[in-house]
Every structure is written in structure tokens, then in C-alpha cells.
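**Q** What shape does this take:
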Amino acid sequence: AARILIGKDLYGKPLYYDIDTFEEQLDALVCLEIYHKNPIPLKIKQNKYDRIAFFPKVPYPLVPVNIISANIHRKNKRNYTFKQVFEEMKNNLFPTKEEMQIEREKHIKPGNGKFALHTLPSGVFHSHITNIIGNGVALDIPKVIGELKSITDRNVPAPKLMISDRAQMVMPYHVLFDQYEEERLGKNSFGSTKSGIAPFYSDKYAKIGFQVSELFDEELLKEKVKRTCETKNIMLEHMYHKPLLKEEELLATLHEYRDMVAPYVGDVSLFLDQAIKDGKRILLEGQLGTLKDPDHGIYPMVTSSSTLAAYGAIGAGIPPYEIKKIVTVCKAYSSAVGAGAFVSEIFGDEADELRRRGGDGGEFGATTGRPRRMGWFDCVASKYGCRMQGTTDVAFTVLDVLGYLDEIPVCVGYEIDGEVTTDFPVTAKLEKAKPVLKKLPGWKCDIRGIKKYEDLPENCRKYVEFVEEQIGYPITMVSNGPGREDIIYRSK
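**A** Now for the predicted structure:
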């Protein structure tokens, strides 16, 4: 008996094929010689249905072979020799579209570029994932389609995408009204990204917004466009003194939106309900943190919809009890875009240095490009944020950025009117808060490339463990670089 190494699974563990006879061993070596010119082990990749073998020496496009019934599954492995497996390969020279997409997923390897997504889910880089834009999303159709094109133009396979027919659309006039209002407010503005979000939600809850499904009812669309222009033009003329909306132009724009989005529209809630019944894994992604929540954040310097994990069930159309795990992402320092109280904020050269070193290429807004405001890690705000989210796990990111510091200040409390508190206050009191800082020793080295938590410098581990103790929630993931593979996992 003998064992032949045929590759590795997704977790890096070796895959062997047990061979009982010398004849089978010769068959295996001959087949490898024929198709590789030399005996190179197969590369094995895996999706949720089966394992696919790739043959590195075959000219592109590589030819994947489904060997689910051959040498991978134990119950059948005795029924086929390697020769028969490779015969199957020769008979399947034309891969399916799905198999081709799997093969083309090379863009996710380190060094092949940075992608800053705004509306598309992060699953777009995996062809076996169905990516959902739920009913709770403020859907800017041209931006979504533009974002799709931006990734496919960089050789990312076109992803599977479904957009909820109940999602409401960001309209062109929402963006204009956002800009006009910030202009009107002047120095009292809210620091909006001017993407139309506040006017969008204002219309949604005033019940005068546009749902995606309405794009496909022409009579309803015409009637609604007429009413909308009448209402909006009153504000444009008498409040903002800006050009008026034209019905025919708005209707033509909505027809363009309809054509753009039509291939992707579906009943998301029904789809997810079936996925739950089938035991599929669902990941809900949120964009902003607790302090931007309109109820529990630093009101009024907040966004216009809930940023809490509990709202994910509403925004996707699934039961709240189906959310089993909540991963809260915390940077190892603090940053913010826009106005509002920021207790641990730093300024001047100190802030410039952290901003320059921070993130992946500096701390600048992904949407606006504005320089982010910088600060030290805030244990008070982070503990509060985790509590409001219902955190089960904390992902502690950009830890590598702090490697240049001799000492690392951490905000462990707020001094308000002469008293120190570790509980996060309402906005009026927050404006008076001064940070209570504790300095921890730095580790003064580059930690990128380290894969095991115990291999991190001692002071680095102490920093993570101090933060974990202060916030009271388990840090189970630590990132030490911008790449997808730069994650160190810790047990709770």
C-alpha cells in the first residue's frame, strides 16, 4: 500500500489518495507524467458542493475536472483508478461558466490590488456566493452598476447579484437636496458626505420615496413622477432658489435605472427564507458603527438609518432570532469622518503621522476622500458600541499601524464636570468630556506577516489583552495587514 499527495484542501491540510496495489501506483504516476510533464501534485480547490481539480500545466483556460465520484469521496474511491479519473478529464475539456469563474478568482490573491466597495457586498469576489442588496439599503443604482463595472474591468468575474424589489432608490434630486442643505446650513452643517442619504430617508419615512418594484409599473411611475416634481419644486424655488425638476427628464432617468437594474431584481426576503431552511450560511454586512446610529449615537451628528446589528434582520427581511453571531469591527486606534464629538481626538503632527501610516494607504474617507479625524483607542465608546450591537466577537484591525510608537495612549475614561466615568453619556455631556488616558508600552517593530497570536511581540499582545479587558468583549480576530490573509485568530 502507498499514499500519494494530491494537493491541499482549503484549510491547507494535505489530501492523500491511498493506493492498495503497485499497479495503481504506476497508473497514478503515469497519468501525472502525461498531463504535467513531471509528477506535480494536483491543485485542489473546494466549493460547497464538491472538490474541483485544476491542472497547472494545461494552457489557459485551465480545465477543471469534477472528481467527486473518484478519488476524493471515500465511499467511491476504490471504484476508480487514476487512469479513469484522467480519462474523465479528457472528456470534459470545456468547463462550465461556473467552473471558469472559480478558476478566474485569482484577483483575491495578495498583491493584485485594493478594492474599496461602497454598496456591493464583499462576497462579490467569490463566484459561489450569492450577493444580496436588501430592502434596507439606500440604493443608488448608477453607483451600484458603476461599482460592478469597476471590479469586472479589473478581471473580477461578474458576481451573482440579487437586488430587493422592495429596496428604495436614491434619486438624483436627493443628492442635490443634500448639497443644497449643507450649503444653506453653512458653518452649522452636519458634515454630510453629500450622497443624498438624509433626503432619501426623509422621503422614505414621509412615504414619498421610490421602490425598485415601481420601476416596472409605467402608469404608477408617471403619476408618481408628476407628484414628486410638484412637491420638490416648491422647495427648490422658494427655499433653495435652485433650478426646478422636469417631469420628462426625471421619467427618462427612471427608465434608465429600470434597464440597469432589471437583471438583478428579485424577492430577497423569500430567497433568504429558503436559504435559511436549506441550512445555508448568511452574512449580513453593515457600514457604520454604533455612534452613527440615530437613536443610540452622537445625535444629531449621525446617519439617517440604524447602524445596529439588530436592524440587519429588518434590512434583509429575516427573523431577528436567526442572527446567531455578531462580529464588531474595531480599529486599534480611532478615526472619524464628519463633524461631532470625538473625545480621544488628536491634532497636529501627532494626528498627521497616524493618519499617514493608518489604514491601507492612509486614513481617508472611502466615499469622500476627505482626511479622517484621528484619535487613540476609546475604551468607553467601544465598550458602549459593543453592548449596543450585541457583540459576540470583536475583530481588532490595523494593529500593525501602531508599531512606530514608543508609547500608545488609550482612552479609559471620560472626565465630565470634574467626575470620571467609564459609561458613555448622551451627546450634551459628551461635548464636555475630556479623555482619561493610560499609556501602554509600544512594541517598536513591524508585525506584518505574523500568523500566530503567540508570535506577536509581548507588548503587542499586552495591548490587545488590555483593550479586551477594558471593553469586556472577546477579541477573536486581529488583523496585522491590509490583505485578506492578514488575520490572526484567537480563541475566546
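**Q** so where is the protein shaky, pLDDT-wise?
**A** 1-113, 191, 366-368, 492 (pLDDT under 70).
**Q** Of all the residues in the biggest strand by length in it, which ones are buried?
**A** In the chain, with assignment by DSSP state E, the single longest strand is strand 407-416. The neighbour-count check on strand 407-416 (16 or more other Cβ atoms under 10 Å) flags I408, P409, V410, C411, V412, G413, Y414, I416 as buried. Backbone N, C-alpha and C define where each C-beta goes, glycine included.
**Q** Distance check, the spatially most central residue of the chain against K114.
**A** Closest residue to the average C-alpha location of the chain: S122 at 4.3 Å, with Cα atoms, centre = their mean. Look at S122 and K114: by Cβ to Cβ, to the nearest Å, they are 13 Å apart.
**Q** what about the helices in the stretch 51-200 of the chain?
**A** Counting by DSSP state H, counting those that start in this stretch, the segments of the stretch 51-200 of the chain that form helices are 82-90, 97-103, 141-152, 172-185, 197-205.
**Q** List the buried residues for the helix or strand containing N233?
**A** Element membership for N233 (DSSP states H and E) is helix 218-235. Within helix 218-235, the residues that qualify as buried are L221, K224, V225, T228, C229, K232, N233, counting by 16+ other Cβ under 10 Å.
**Q** Stretch 177-189 too?
**A** F177, D178, Q179, Y180, E181, E182.
**Q** what about dumping the CA coordinates of it to PDB?
**A** Only the C-alpha atoms of stretch 177-189 are listed here, as PDB (Å, rounded to 0.1, in the frame of the first residue of the first chain):
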ATOM      1  CA  PHE A 177     -31.000  68.500  -1.900                       C
ATOM      2  CA  ASP A 178     -28.200  67.100   0.300                       C
ATOM      3  CA  GLN A 179     -25.800  69.500  -1.200                       C
ATOM      4  CA  TYR A 180     -28.200  72.500  -1.100                       C
ATOM      5  CA  GLU A 181     -29.000  71.900   2.600                       C
ATOM      6  CA  GLU A 182     -25.300  71.700   3.600                       C
ATOM      7  CA  GLU A 183     -24.800  74.900   1.600                       C
ATOM      8  CA  ARG A 184     -27.700  76.600   3.400                       C
ATOM      9  CA  LEU A 185     -26.500  75.500   6.900                       C
ATOM     10  CA  GLY A 186     -23.000  76.800   6.300                       C
ATOM     11  CA  LYS A 187     -20.900  76.500   9.400                       C
ATOM     12  CA  ASN A 188     -23.700  74.600  11.200                       C
ATOM     13  CA  SER A 189     -23.700  71.800   8.600                       C
END
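**Q** ok now that stretch, how far from the chain's centre?
**A** Mean-position distance between stretch 177-189 and its chain equals 30 Å (Cα atoms, centre = their mean, to the nearest Å).
**Q** Then stretch 304-312?
**A** 15 Å.
**Q** Likewise for stretch 454-469?
**A** The answer for stretch 454-469 is 26 Å, by Cα atoms, centre = their mean.
**Q** If we go by neighbour counts, what in it is buried?
**A** By neighbour count on 16+ other Cβ under 10 Å, the buried set for stretch 454-469 is L456, C460, R461, Y463, V464, F466, V467, E468.
**Q** how about CSV for the residues you listed, with secondary structure and distance to P425 added?
**A** Shown next, in CSV, are the buried residues of stretch 454-469 (DSSP: H, G, I helix; E, B strand; the rest coil; distance: Cβ to Cβ, whole Å):
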residue, secondary structure, distance to P425
L456, coil, 34
C460, helix, 31
R461, helix, 32
Y463, helix, 26
V464, helix, 27
F466, helix, 23
V467, helix, 21
E468, helix, 23
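**Q** In a markdown table, list those residues along with distance to G348.
**A** Below are those laid out as a markdown table (distance: Cβ to Cβ, whole Å):
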| residue | distance to G348 |
| --- | --- |
| L456 | 30 |
| C460 | 26 |
| R461 | 30 |
| Y463 | 24 |
| V464 | 28 |
| F466 | 26 |
| V467 | 25 |
| E468 | 30 |
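**Q** Just the closest of the residues you listed to H296, please.
**A** If you rank these by distance to H296 using Cβ to Cβ, V467 comes first, at 21.4 Å.
**Q** Surely the closest one is in contact with D378?
**A** No: contact criterion Cβ atoms under 8 Å: V467 and D378 do not qualify, at 10.2 Å.
**Q** list the residues that contact both of those two?
**A** Common contact partners of V467 and D378 (Cβ atoms under 8 Å, 6 or more residues apart in numbering): none.
**Q** returning to that earlier point: how near is the residue nearest to the centre of the chain to V337?
**A** Shown here: S122 relative to V337, a distance of 20 Å by Cβ to Cβ.
**Q** same check, this time on T392
**A** According to Cβ to Cβ, T392 and V337 sit 27 Å apart.
**Q** And these two? Which one has more around it.
**A** Between T392 and V337, counted using other Cβ atoms under 10 Å, V337 has the larger neighbour count: 20 against 17.
**Q** how about the nearest residue to that one once chain neighbours are set aside, what does it touch?
**A** Residue nearest to V337 in three dimensions, not counting chain neighbours: G365, with 4.4 Å by Cβ to Cβ, 6 or more residues apart in numbering. Contacts for G365 (Cβ under 8 Å, 6+ apart) come out as T193, V337, P371, R372.
**Q** What residues of stretch 127-146 count as buried?
**A** By neighbour count with 16+ other Cβ under 10 Å, stretch 127-146 contains the buried residues 127, 129-141, 144-145.
**Q** Return the subset of these lying in strands.
**A** Per DSSP E, the buried residues of stretch 127-146 map to strands at T130, N131, I132, I133, A138, L139.
**Q** Identify the bridge partners of the third one.
**A** Think I132. Here I132 shows beta-bridge partners M162, assigned using DSSP bridges.
**Q** from memory it sits against M162, does it?
**A** Yes: assessed by Cβ under 8 Å, I132 is found in contact with M162 at 5.4 Å.
**Q** what residues do those two have in common as contacts?
**A** With Cβ under 8 Å, 6+ apart as the test, I132 and M162 both reach V268, F271.
**Q** Relative to K324, which of the buried residues of stretch 177-189 is nearest.
**A** For these, the nearest to K324 is D178 (36.5 Å; Cβ to Cβ).
**Q** who's in contact with that closest one?
**A** Neighbours of D178 in contact, by Cβ under 8 Å, 6+ apart: S192, K194, S195, G196, I197, A198, P199.
**Q** Output the residues you listed as CSV; include the columns neighbour count and distance to A262.
**A** Converted to CSV, those look like this (neighbours: other Cβ atoms under 10 Å; distance: Cβ to Cβ, whole Å):
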residue, neighbour count, distance to A262
S192, 20, 31
K194, 19, 28
S195, 19, 24
G196, 22, 22
I197, 19, 25
A198, 19, 28
P199, 25, 25
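**Q** Thought R370 was touching R355, still the case?
**A** No: using Cβ under 8 Å, R355 is not in contact with R370, being 11.1 Å away.
**Q** which of those two has more neighbours?
**A** R355 (18 against 13).
**Q** List the residues that contact the closest residue in space to the more buried one that isn't next to it in sequence.
**A** Distance criterion Cβ to Cβ, 6+ apart; nearest residue to R355, sequence neighbours excluded, is E363 at 4.6 Å. Residues near E363 by Cβ under 8 Å, 6+ apart: S335, L354, R355, P371, R372, M374.
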